[in-house]
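Asker: need coordinates for the below:
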Amino acid sequence: MDMAVIELSRLQFALTAMYHFLFVPLTLGLSFMLVIMESIYVITKRPIWRVITRFWARLFGINFVLGVATGLTMEFEFGTNWAYYAHYVGDIFGAPLAIEGLMAFFLEATMIGLMFFGWDRLSRVQHLVVTFLVALGSNLSALWILIANGWMQNPVGASFNPATMRMEVTDFKDVLFNPVAQAKFVHTVSAGYVCAATFVMGVSAIYLLRGKWTNVARRSMMVAAAFGLASSLSVVVLGDESGYALTDNQKMKLASIEAMWKTEDAPAGLTLFGVPDVAAHKTRYAIQVPYVLGLISTRSLSGEVTGIDDLVLRADQRISSGIIAYDAVQKLKANRFDLSARAAFEAHKADIGFALLLKRYVADPRQATNDQILRAAADTIPNVPVMFWLFRGMAGLGFGFIAYFAAAFWCASACHFSKRWFLRLAVVMMPLPWLAIEGGWVLAEIGRQPWAVDGVLPTFLGASSLTVSQVWATIIGFTALYGTLAVIEVRLMIASIRKGPIEHAPGEDHGFADGLAPLPAE
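Answerer: Here you go, the predicted structure:
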């Protein structure tokens, strides 16, 4: 194998996935904000809410198109760059993606046309139902994609079949109700809602600072403040639930996030600050809050959080067990009626993926030396410093959003968003949700390494048989294409924001509505 091809393939997928994920959160959040805004229009029958809904729907549509275009590319990459991965786990991984296309994508793709062109052809209630179905379809797409990704993090409901040399579904219900997938879904969509609320707040703040479309801007900010506060609180609460899921399913990821090298006495403390020292296997200058990590991750005062060093020892044992399963598979390939080989395989099949880690160092894992087994066990440690700091940055932003939307909620009632300092803050806050979301995605994916599917298939075995030049060519091509699309996206969004709401409710004067005074200079 050529590790350069592996790393470049990972880089390409990371670039395309992170680019695609710039559009997904805004789509998820704006879709349900449109439902809220249009519901107010249906209830109150005030034309200004129709104006508000149609304006934000235009920005939603621009973002939606780019999200679809970049998402299709990613699915093709499983075949072009990760062919063995697609072969090995395609029976399980492909099912949620197929359902996503048939159920969710077709629903939102059909309804979005009715949403944009049905304003004068459908009744208010009918159009609201269409808008809700668009939002439902968008969020169902996220559900099925995260079920697929959650299975990669926690591969339940499937087992290896030595007759076909592939992973196959044994219980689709377990795949569907995977606790990791469910935790990831609610956490991810909540982050998308925060992203959309921050976006609406920022754009509206620009209008208020410039004294334009203030009627639309203030009402939009009121909706965004309430929606954002509820969403930011749920992100933190559901992030705690994700941490609890890691305790049972991804112990190494949890230990790496905390840079916990040694298993501590229960309940473990939470490290607020420290400098992970990978060479010395310790965290220098650590500042800890006693008991908090144990309470978050085990929901008890007696539950243990296992340290990295102990998890490496467990990986060593599982590699040795996996070698037995690997040997049994080779014997079953020669004689599928070999009962002793079948018994050995059944006893050790849960660890066969760990034996595959040795293929980085030796073609036949059964020929591995003790030193190679130790190196393969050490490979199960992800990049601890990156994990440690990404998590703290993401958590800090999460609590910052709670404070921001709490201030917005106060500002909505106390000053009707007339404080220029808060409006400037709203503009500055706009890019921060994307930083937190992209950081969260990187944290989740780096934390799974060295696995493409945790404990089942190492990443380096999943790639296609490509050359370095071929992968570089596609990386350059994607970068050029996506760079062009980014310019188009930004220009369309800016042009639409500058244009503002093109239809106005009776009495809308582009200025200071509702009897509110102009914004003070400071």
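
Asker: can we go C-alpha only for contacts and neighbour counts from here?
Answerer: Fine.

Asker: doesn't M167 belong to a strand?
Answerer: Yes: counting by DSSP: H, G, I helix; E, B strand; the rest coil, M167 is found in a strand.

Asker: which element is the closest residue to it other than its chain neighbours on?
Answerer: Closest residue to M167 apart from its sequence neighbours, by CA to CA, 6 or more residues apart in numbering: F160 at 4.3 Å. Assigned by DSSP states H and E, F160 belongs to strand 158-161.

Asker: now for that strand, which elements pack on it?
Answerer: Applying 3 or more CA pairs under 8 Å, 6 or more residues apart in numbering; DSSP states H and E, one finds that strand 158-161 contacts strand 166-169.

Asker: show me what the strand it packs on is packed up against.
Answerer: helix 83-99, strand 158-161.

Asker: that older thread, partner strands of the strand holding F160, with direction?
Answerer: Paired neighbours of strand 158-161 in the sheet (DSSP bridges): strand 166-169 (antiparallel).

Asker: contact partners of the strand it pairs with?
Answerer: Outside strand 166-169, the residues within contact range by CA atoms under 8 Å, 6 or more residues apart in numbering are 87-92, 157-161.

Asker: of those residues, closest to M115?
Answerer: I92 (34.0 Å; CA to CA).

Asker: do you know the pLDDT at the spatially closest residue to H20 that is not a sequence neighbour?
Answerer: Excluding the flanking residues, the one nearest H20 by CA to CA, 6+ apart is T70, at 5.4 Å. Here the pLDDT value assigned to T70 is 83.

Asker: over to Q182?
Answerer: So Q182 comes in at 87 (pLDDT).

Asker: which SS state does it fall under?
Answerer: helix.

Asker: give me the element the closest residue in space to it that isn't next to it in sequence is part of.
Answerer: Spatial nearest neighbour of Q182, excluding adjacent residues (CA to CA, 6+ apart): I147 at 7.3 Å. Using DSSP H and E, the element containing I147 is helix 124-153.

Asker: lowest average confidence, helix or strand, in the protein?
Answerer: Ranked by mean pLDDT, DSSP states H and E, the weakest helix or strand in the chain is helix 292-298, scoring a mean of 78.

Asker: name the residues that touch the strand holding F160?
Answerer: Counting by CA under 8 Å, 6+ apart, 92, 166-171, 175, 349 sit against strand 158-161.

Asker: what subset of these is buried?
Answerer: 92, 167-169, 175, 349 (16 or more other CA atoms under 10 Å).

Asker: in the chain, which residue is most central in space?
Answerer: The centre of the chain sits closest to W441, judged by CA atoms, centre = their mean, with a distance of 4.7 Å.

Asker: shaky segments in the stretch 101-250 of the chain?
Answerer: 240-245 (pLDDT under 70).

Asker: run the last query once more with 80
Answerer: Filtered on pLDDT under 80, the stretch 101-250 of the chain yields the residue ranges 237-249.

Asker: hey, C-alpha coordinates of stretch 136-145 in PDB?
Answerer: The C-alpha coordinates for stretch 136-145 follow below in PDB (Å, rounded to 0.1, in the frame of the first residue of the first chain):
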ATOM      1  CA  LEU A 136     -38.900  17.900   7.400                       C
ATOM      2  CA  GLY A 137     -37.100  16.500   4.300                       C
ATOM      3  CA  SER A 138     -34.000  18.500   5.100                       C
ATOM      4  CA  ASN A 139     -33.800  17.200   8.600                       C
ATOM      5  CA  LEU A 140     -34.600  13.600   7.600                       C
ATOM      6  CA  SER A 141     -31.700  13.800   5.100                       C
ATOM      7  CA  ALA A 142     -29.500  14.700   8.100                       C
ATOM      8  CA  LEU A 143     -30.900  11.800  10.100                       C
ATOM      9  CA  TRP A 144     -30.200   9.100   7.500                       C
ATOM     10  CA  ILE A 145     -26.700  10.500   6.700                       C
END
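
Asker: chain center to that stretch: distance?
Answerer: Centroid separation for stretch 136-145 versus its chain: 13 Å, with CA atoms, centre = their mean, to the nearest Å.

Asker: show residues contacting it.
Answerer: Contacts for stretch 136-145 (CA under 8 Å, 6+ apart): 27-28, 31, 96-97, 99-101, 103-105, 107-108, 185, 189.

Asker: about what we covered before: do you know how far the residue nearest to the centre of the chain is from R448?
Answerer: 11 Å (CA to CA, to the nearest Å).

Asker: please apply the same query to L122.
Answerer: 48 Å.

Asker: looking at these two, which is more packed in?
Answerer: Each of L122 and R448 has its neighbours counted (other CA atoms under 10 Å); R448 has more, 24 against 14.

Asker: distance of the more buried one relative to D327?
Answerer: Noted for R448: a distance of 26 Å to D327, by CA to CA.

Asker: same thing with L272?
Answerer: 46 Å.

Asker: likewise for R491?
Answerer: For R491, the distance to D327 - CA to CA - is 59 Å.

Asker: more crowded one of these two?
Answerer: Neighbour count, other CA under 10 Å: between R491 and D327, D327 has more, with 18 against 12.

Asker: what's the helix or strand hosting that one packed up against?
Answerer: Using DSSP H and E, D327 maps to helix 308-334. When contacts are defined as 3+ CA pairs under 8 Å, 6+ apart, helix 308-334 packs onto helix 251-257, helix 339-348, helix 352-356, helix 370-378.

Asker: okay, buried residues for it please.
Answerer: Buried residues in helix 308-334 (16+ other CA under 10 Å): 308-309, 311-312, 315-329, 331-332.

Asker: still on that earlier bit, most surrounded residue in the contacts of stretch 136-145?
Answerer: Top of the contacts of stretch 136-145 by neighbour count (other CA under 10 Å): L28, with 30 neighbours.

Asker: hmm, who's touching the one helix or strand that residue maps to?
Answerer: For L28, the element it lies in under DSSP H and E is helix 24-44. Contact with helix 24-44 is made by 47-50, 52-53, 56-57, 60, 63-64, 67, 124-125, 128, 131-132, 134-135, 138-139, 189-197, 199, 223-224, 227, as judged by CA under 8 Å, 6+ apart.

Asker: repeat that for stretch 87-105.
Answerer: 86, 136-138, 140-141, 144-145, 147-148, 151, 158, 165-169.

Asker: could you rerun that using 7 Å?
Answerer: Contact with stretch 87-105 is made by 137-138, 140-141, 144-145, 147-148, 166-169, as judged by CA atoms under 7 Å, 6 or more residues apart in numbering.

Asker: sounds good, over and out.
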